[in-house]
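In: Please find the sequence and the predicted model below.
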Amino acid sequence: MHPEIEQDHPGDCPKCGMPLEPKTVTAGPDPHAEEEIRFLSRRFWIGLALTIPVFFIAMGKMIPALAMASWLPSNVSQWIELLLATPVVFWAGSLFFKRGWNSLVNRHLNMFTLIMVGVGAAYFYSAIAVLFPGIFPDSFRTHGEVGLYFESAAVITVLVLLGQLLEARARGRTGEAIQALIGLSAKEAHRLVDGKEEEVAIDAIDRGDLLRVKPGEKIPFDGVIVEGKSRVDESMITGEPVPVERGEGDVVIGATVNQTGAFTMRAEKVGDETLLSQIVAMVAEAQRSRAPIQKLADTVAGYFVPAVIFVSVITFIVWAIRGPAPAMAYAVVNAVAVLIIACPCALGLATPMSIMVGVGRAARAGILIKDAEALERVEKIDVLVTDKTGTLTEGKPGVTQLFVVEGKTEEELLATAAALEASSEHPLARAIVRAAGKRLLDLPSSANFESHTGGGVSGSVGGVDVEVGKATFLESRDIALSPVLLEQAEKWQNEAKTVVWVAAGKAVVGLIAIADAIKETTPAAVRILHDRGVRIVMATGDNEATARAVAKELGIDEVHADLSPGEKIQLIRKLKSAGHIVAMAGDGINDAPALAEADIGIAMGTGTDVAIESASVTLVKGDLCGVSNAITVGRKVMRNIRQNLLFAFGYNAIGVPIAAGILYPFFGLLLSPMIAGAAMSFSSVSVITNSLRLRRMKL
């Protein structure tokens, strides 16, 4: 449970005594975890078999109807209890004594310190009473005999073993999210070599290899489609259940499932470079991190064990002086009960268990949380600063409308412009070419292509001179612009659209409107965030008119346009100085400084590596709805942690006084060390069970 504790082999944490967790997660069950479960299971069942007769011998003396004394003399039953309890305590419970001793050597008192002292006190007190009964004064005797507590030592050992066994199995379940992610990867691939297809193990693939992916197969690695098209199920990575179309030039993600068509791809990222591998590494790192709230539990735990030992000593003294006869027997029993019931295992598990399960559940929904500190901060977000391009919008300009002069068709206009723009690398040119491709237009031949910086392009299409670009560019080439066309262009510009003019033969033939379309999920995401009390601020480098048009359509609360990266940082600092907890969502290189400055940086998984590296949260799908889901994860995990801490603190606050005997003067009630052991194990299991509820968290 302490991330700073690392070693190169399995073992126990020198601070809390719990088994260390592996840093590197591999496919399939963890052999060390399975060995731990077998180890604990073997000792539990053998210990239980030996403890049952000890328990019945001890209880039989208290039940007159059994008349055990008539057929099992007291001096014989005492030796039977000693012989049976000894292997339970020193073989089945040997790990508790080992961990308890290590806690003293390492000067980090923990739950095993209390178990060692409590069980050891009950056992050695009883063993001395059997071996040397004459040394005990009358204050230790009942009806002339010294009371034995072998059954308490044995039952407590078995109950704590049961608790440790249940915890070991539950800890394995917290890693199911990572195991599931690793299990998604493909095991084999079809590699193309000199046009021939061969099936090879996934480890044999190198960057740049051509791979054939058939319908129903998992995509082996991250790469680019070079031939063919299909629909791909990316739900295991993005959380989006609807398959997406992928074709030539599109990026595909390893471990996603090809559905309808076959295609050839080039492997771009292999091994640890793939998105899936990075997700696994990020989730594992986040699960090992510690939330700031854990400092409270650590601080309390640091004083808790010494305080419990002190309370146990005071309990012994008070019962020895003021308790009823046999006073010393009562003193021993109650002092041991205090030690056992106060084991702080539940306190140590409260935070890390919730974090492990919560981070894993978020990863399955495509939300990657960098560390536990980010998880704690994300629940407090009240202002979201978001970039526009690629975050609120698709980030890829597309043709939205066409306007043609009389005598021309939309197909002719688009084919003419695309034929010329095919030679350009400008984003607007690519948008026009893509639009022509979607309509399956046959492009005429072009020649004499020339690019005019800041204006447009010119050349000849089908033997006719063609100009494509801004209005000012056409005017500079002595092409007249009619009032009707100017009016239409102004209307589109007011709607945040870029207008491309197309002229052929020195006459304008039409206009093309290009816009960066708003993502389909963005309006719903904005509404959900508003419902959660989050104010949304747009901070973009785009012009004022475009930004305000998008903000008006979405209902954005505040707009800041024409911002440089430095000005975005200043805006975030201003909001933070006003007392807000600020999240920044973006996807570009220019967003990276602002992502780092914000309380929570949220990177779109569709964005650049530097943006993702600067962020505390990454949304694999690149969807603003993920921000709402991230807030949900933060709030539910933190609520779960607080429930666990409340349970752990409350349990000890109530249990320790009862074990010390505070109810005895009023109700004559005392807490048996055996019941204290059962309650201690139950508290730990309850904390784990509560944490595992997060696996069913709805997002």
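Out: Thanks, I have the structure now.

In: all contacts plus neighbour counts: C-alpha atoms, from now on.
Out: Fine.

In: Leu692 reaches Ser354, doesn't it?
Out: Yes: taking CA atoms under 8 Å as the definition, Leu692 is a contact partner of Ser354 at 7.4 Å.

In: Of these two, which one has the most company?
Out: Using other CA atoms under 10 Å, the more surrounded residue of Leu692 and Ser354 is Ser354, with 30 against 21.

In: element containing the more buried one?
Out: Using DSSP states H and E, Ser354 sits in helix 345-364.

In: same check, this time on Gln401
Out: strand 398-404.

In: So what are the sheet partners of that strand and their directions?
Out: strand 507-515 (antiparallel) (DSSP bridges).

In: so how far is the strand it pairs with from its chain's centroid?
Out: How far strand 507-515 lies from its chain's middle: 48 Å, per CA atoms, centre = their mean, to the nearest Å.

In: Contacts made by it with the rest, please.
Out: Here strand 507-515 makes contact (CA atoms under 8 Å, 6 or more residues apart in numbering) with 397-405, 408, 413, 428, 431, 479-481, 485, 489, 492, 496-503.

In: Can I get the buried part of these as one PyMOL selection?
Out: In PyMOL, this line selects whichever of those come out buried by 16 or more other CA atoms under 10 Å:
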select buried, resi 397+398+399+400+402+403+404+413+428+431+479+481+485+489+492+496+497+498+499+500+501+502+503
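
In: Could you figure out how far the helix or strand hosting Tyr125 is turned away from helix 345-364?
Out: Using DSSP H and E, Tyr125 maps to helix 111-131. Calculated by axes from the mean of the first three to the mean of the last three CA atoms, to 10 degrees, helix 111-131 forms an angle of 140 degrees with helix 345-364.

In: Could you give the average pLDDT over helix 111-131?
Out: Helix 111-131 comes out with an average pLDDT of 81.

In: now what about stretch 45-58, what contacts it?
Out: Under CA under 8 Å, 6+ apart, the answer for stretch 45-58 is 77, 80-81, 84-85, 87-88, 92, 150-151, 154-155, 158.

In: now do stretch 658-675
Out: By CA under 8 Å, 6+ apart, the surrounding residues in contact with stretch 658-675 are 152-153, 155-156, 312, 315, 333-338, 340-341, 676.

In: Among the residues you listed, which are located in strands?
Out: Residues of these located in strands (DSSP state E): none.

In: so Pro53 sits in a helix?
Out: Yes: according to DSSP: H, G, I helix; E, B strand; the rest coil, Pro53 belongs to a helix.

In: count of neighbours near it?
Out: Residues near Pro53, counting by other CA under 10 Å: 16.

In: Likewise for Gly661?
Out: Gly661, neighbours per other CA under 10 Å, totals 22.

In: Return the distance of it relative to Ser277.
Out: Counting by CA to CA, to the nearest Å, the gap from Gly661 to Ser277 is 55 Å.

In: do Leu529 as well
Out: From Leu529 to Ser277 the distance is 31 Å (CA to CA).

In: again with Glu411
Out: In terms of CA to CA, Glu411 sits 45 Å off from Ser277.

In: same thing with Val200?
Out: Taken as CA to CA, the span from Val200 to Ser277 is 20 Å.

In: For the stretch 251-400 of the chain, which residues score under the pLDDT cut-off?
Out: 279-298, 301-302, 343-345, 348 (pLDDT under 70).

In: mind running it again at 90?
Out: 251-262, 268-309, 312, 320, 322-379, 387-400 (pLDDT under 90).

In: Which helix runs longest in this protein?
Out: helix 625-660 (DSSP state H).

In: That one versus helix 345-364: what angle between them?
Out: Using the same axes, to 10 degrees: helix 625-660 against helix 345-364 is 170 degrees.

In: I'd like the average pLDDT over helix 625-660.
Out: Average pLDDT, helix 625-660: 87.

In: Just the buried residues of that helix, please?
Out: Judged by neighbour count (16+ other CA under 10 Å), helix 625-660 contains these buried residues: 625-638, 640-645, 647-649, 651-652, 655-656, 658-660.

In: Counting by contacts, list what the helix or strand harbouring Phe310 packs against.
Out: For Phe310, the element it lies in under DSSP H and E is helix 294-322. Secondary-structure packing of helix 294-322 (3 or more CA pairs under 8 Å, 6 or more residues apart in numbering; DSSP states H and E): helix 111-131, helix 327-341, helix 345-364, helix 625-660.

In: Do you know the pLDDT at Ile528?
Out: pLDDT at Ile528 comes out at 92.

In: Quick check: it vs Asp209, distance?
Out: Counting by CA to CA - Ile528 and Asp209 are separated by 44 Å.

In: for Asn383, phi and psi?
Out: To be clear, residue 383 is Val; Asn isn't right here. Dihedral pair for Val383: phi -130, psi 130, per degrees, to the nearest 10.

In: I misspoke; the intended subject was Asp222.
Out: phi -70, psi 140.

In: State the pLDDT value of it.
Out: 88.

In: how close does it sit to Arg207?
Out: For Asp222 relative to Arg207 (CA to CA), the value is 10 Å.

In: okay, and the common contacts of these two?
Out: Joint contacts of Asp222 and Arg207 (CA under 8 Å, 6+ apart) are Ala267, Glu268, Lys269, Val270.

In: top of those by neighbour count?
Out: Most surrounded of the shared contacts of Asp222 and Arg207: other CA under 10 Å gives Ala267, at 23 neighbours.

In: correct me, but it touches Arg212?
Out: No: look at Ala267 against Arg212 with CA under 8 Å: they stay out of range, at 10.4 Å.

In: follow-up on the earlier one: the strand holding Gln401: how far from the chain's middle?
Out: Taking mean C-alpha positions (CA atoms, centre = their mean), strand 398-404 and its chain are 43 Å apart.

In: again with stretch 453-472
Out: That offset, for stretch 453-472, works out to 52 Å (CA atoms, centre = their mean).

In: can I assume Glu376 sits in a strand?
Out: No: counting by three-state DSSP, Glu376 is located in no strand; its state is helix.

In: just the helices in the stretch 1-150 of the chain please.
Out: For the stretch 1-150 of the chain, applying DSSP state H, counting those that start in this stretch gives helices covering 31-60, 74-87, 94-105, 111-131, 150-174.

In: comparing the ones you listed, which gets the lowest mean pLDDT score?
Out: helix 150-174 (a mean of 75).

In: List the buried residues in stretch 125-137.
Out: For stretch 125-137, a neighbour-count test (16+ other CA under 10 Å) marks Tyr125, Ser126, Ala127, Ala129, Val130 as buried.

In: hmm, who's touching it?
Out: Contacts for stretch 125-137 (CA under 8 Å, 6+ apart): Gln78, Trp79, Leu82, Val146, Gly147, Leu148, Tyr149, Phe150.

In: could these go into TSV alongside neighbour count and distance to Val251?
Out: Shown next, in TSV, are the contacts of stretch 125-137 (neighbours: other CA atoms under 10 Å; distance: CA to CA, whole Å):
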residue	neighbour count	distance to Val251
Gln78	21	76
Trp79	14	75
Leu82	20	71
Val146	23	79
Gly147	20	76
Leu148	22	73
Tyr149	29	69
Phe150	29	68
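
In: Distance to Ser564 for the residues you listed - can I get that in JSON lines?
Out: Putting the contacts of stretch 125-137 into JSON lines (distance: CA to CA, whole Å) gives the following:
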{"residue": "Gln78", "distance to Ser564": "84"}
{"residue": "Trp79", "distance to Ser564": "84"}
{"residue": "Leu82", "distance to Ser564": "79"}
{"residue": "Val146", "distance to Ser564": "84"}
{"residue": "Gly147", "distance to Ser564": "81"}
{"residue": "Leu148", "distance to Ser564": "79"}
{"residue": "Tyr149", "distance to Ser564": "75"}
{"residue": "Phe150", "distance to Ser564": "75"}
